[in-house]
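Generate coordinates for the sequence data below:
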Amino acid sequence: MASDQKFVDFIVDQIQGAGTITSKKMFGEYGLYADQKIFALVCDNKLFIKPTEAGRQFIGNVVEAPPYPGAKPSFLIEEQLEDREWLSELVKITAVALPEPKPKTAKTKK
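As a prediction, this is how the structure comes out:
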């Protein structure tokens, strides 16, 4: 089941305190970006945050699940979706801990 745009908009609104947040549709689901870094996926109207050690320490009692079959487990966030401050802090912590995105190479025309 694909995620609803309304749910994605709700999540993006909840985490505006974490910086410039954008979403990008991917195969019926969505990737969430903080300042050009992908930090989460929204799949089946569930929020999956990329796992980091700093995020694990912040969350404490972590629930992990794969966002889609065959994917590596991510932090599944369900109960704290209504807590803007907590969610924004987790996004900030995660974004800082993730590596910078690799620069895109220019495609050459043949």
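
C-alpha only now, for contacts and for neighbours.
Noted.

wait, Gly89 sits on Ala18?
Just so we're on the same page, residue 89 is Glu rather than Gly. Yes - in this structure Glu89 lies within contact range of Ala18 using CA atoms under 8 Å: 6.7 Å.

Of these two, which one has the most company?
Ala18 (20 against 16; other CA atoms under 10 Å).

Need the nearest residue in space to that one, chain neighbours excluded.
The shortest distance from Ala18 to any residue other than its chain neighbours is 4.8 Å, reached at Ser88 (CA to CA, 6 or more residues apart in numbering).

remind me which residues of the chain are low pLDDT?
Per-residue confidence for the chain (pLDDT under 70) gives these ranges: 1, 109-110.

Go through it and flag its longest helix.
Longest among the helix segments of the chain by residue count, using DSSP state H, is helix 84-97.

For that helix, list the C-alpha coordinates in PDB.
Provided in PDB are the C-alpha atoms of helix 84-97 (Å, rounded to 0.1, in the frame of the first residue of the first chain):
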ATOM      1  CA  ARG A  84       6.900  17.900  17.400                       C
ATOM      2  CA  GLU A  85       9.800  18.800  19.600                       C
ATOM      3  CA  TRP A  86      10.900  15.200  20.200                       C
ATOM      4  CA  LEU A  87      10.600  14.300  16.500                       C
ATOM      5  CA  SER A  88      12.500  17.400  15.400                       C
ATOM      6  CA  GLU A  89      15.300  16.700  17.800                       C
ATOM      7  CA  LEU A  90      15.600  13.100  16.600                       C
ATOM      8  CA  VAL A  91      15.800  14.400  13.000                       C
ATOM      9  CA  LYS A  92      18.500  16.900  13.900                       C
ATOM     10  CA  ILE A  93      20.500  14.200  15.700                       C
ATOM     11  CA  THR A  94      20.100  11.800  12.900                       C
ATOM     12  CA  ALA A  95      21.000  14.300  10.100                       C
ATOM     13  CA  VAL A  96      24.200  15.400  12.000                       C
ATOM     14  CA  ALA A  97      25.300  11.700  12.400                       C
END
